[in-house]
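J.: Just to be clear, the model below is a prediction. Sequence and coordinates:
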Amino acid sequence: MSLGLIIIPTYNEKANIERLAHAVFSIDAPFSILVVDDGSPDGTGQVVKDLIQTYPNRLHLLERKEKMGLGRAYIDGFQWALARDYSYIFEMDADFSHNPNDLLRLYNACSQDGYEVAVGSRYVTGVNVVNWPMSRVLLSWIASKYVRWVTGLSLHDTTAGFVCYKRKVLETISLDKIKFIGYAFQIEMKYKAHLLGFSITEIPVVFTDRTHGESKLSKGIISEAIFGVMAMKLKRIIKQLDL
């Protein structure tokens, strides 16, 4: 039986998704994959459908008709997972910026060490980022510092998108009340898990920028993170933040 489900949102990731699936399934661990594809015009969804023949019962595809945001993709994936019997649910990028071999380290932090959320952290032991321009490294690092200052979270990498959740965390958070759709979604999930009393740890990982495909980062996503975090904190202060 598969205990862990790795949710991978995709949009135009044809160049990466097959290699990533092979890499994940080469790991000696009880993992399955759910690809949440937003109607990729490059045929990513069809690649996954063809690959399902090779990995029946381990590789799954949830198709959406259009781009609806990273956060919504993960929420749909979480709800898909909770309708089944997975004990550990992961977030992971499709572009190999997250090393598949680190999945086991996140898994062990939750399954053996007793944590309820394990975050693959770029900054807990310095700055572990490869192939990013210095401007983007500074933007990401400053963003995490800003979030720590506003929210009081002790995490060094608050915007990380490489995460393992124990099932009960996602069962407890009101997923239908999650507001953010961009990278601020990652902050909101960690903040609400913290407020609900779940134990969170950071596992140091090396983040390597994509070599195939295009980044999905935009000015709108950055704006959502900057102003949305402050709004979320204010709602917490006036006790109007839905958990």
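T.: Here it is on my side, so go on. Residues are numbered from 1 along each chain as shown.

J.: For stretch 42-49, the averaged confidence score.
T.: Model confidence over stretch 42-49, given as mean pLDDT, is 97.

J.: Render the CA-only coordinates of that stretch in PDB, please.
T.: Extracted in PDB, the C-alpha atoms of stretch 42-49 (Å, rounded to 0.1, in the frame of the first residue of the first chain):
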ATOM      1  CA  ASP A  42       2.300  21.500 -24.600                       C
ATOM      2  CA  GLY A  43       0.700  18.100 -23.900                       C
ATOM      3  CA  THR A  44       1.900  17.500 -20.400                       C
ATOM      4  CA  GLY A  45      -1.300  15.700 -19.500                       C
ATOM      5  CA  GLN A  46      -1.000  13.300 -22.400                       C
ATOM      6  CA  VAL A  47       2.500  12.400 -21.300                       C
ATOM      7  CA  VAL A  48       1.200  11.500 -17.900                       C
ATOM      8  CA  LYS A  49      -1.700   9.500 -19.300                       C
END
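
J.: Off-centre distance for it?
T.: Relative to its parent chain, stretch 42-49 has a centroid offset of 21 Å by C-alpha atoms, centre = their mean, to the nearest Å.

J.: Need the residues that contact that stretch.
T.: Residues from elsewhere that reach stretch 42-49 (C-beta atoms under 8 Å, 6 or more residues apart in numbering): 10-14, 17-18, 21, 35, 37, 39, 59, 61, 63. C-beta here means a position set from N, CA and C on the backbone, and glycine is covered the same way.

J.: ChimeraX command to pick out the buried ones of these?
T.: Buried residues among the contacts of stretch 42-49 (16 or more other C-beta atoms under 10 Å), as a ChimeraX selection:
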select :10,11,12,13,14,17,18,21,35,37,59,61
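
J.: Can I get the contacts of stretch 42-49 in TSV including secondary structure and distance to Gly69?
T.: Converted to TSV, the contacts of stretch 42-49 look like this (DSSP: H, G, I helix; E, B strand; the rest coil; distance: C-beta to C-beta, whole Å):
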residue	secondary structure	distance to Gly69
Thr10	strand	13
Tyr11	coil	10
Asn12	coil	15
Glu13	coil	16
Lys14	helix	20
Ile17	helix	19
Glu18	helix	24
Ala21	helix	23
Val35	strand	16
Asp37	strand	14
Gly39	coil	13
Leu59	strand	23
Leu61	strand	19
Glu63	strand	16
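
J.: between the contacts of stretch 42-49, which is closest to Ile173?
T.: Checking the contacts of stretch 42-49 against Ile173 with C-beta to C-beta, the nearest one is Val35 at 22.7 Å.
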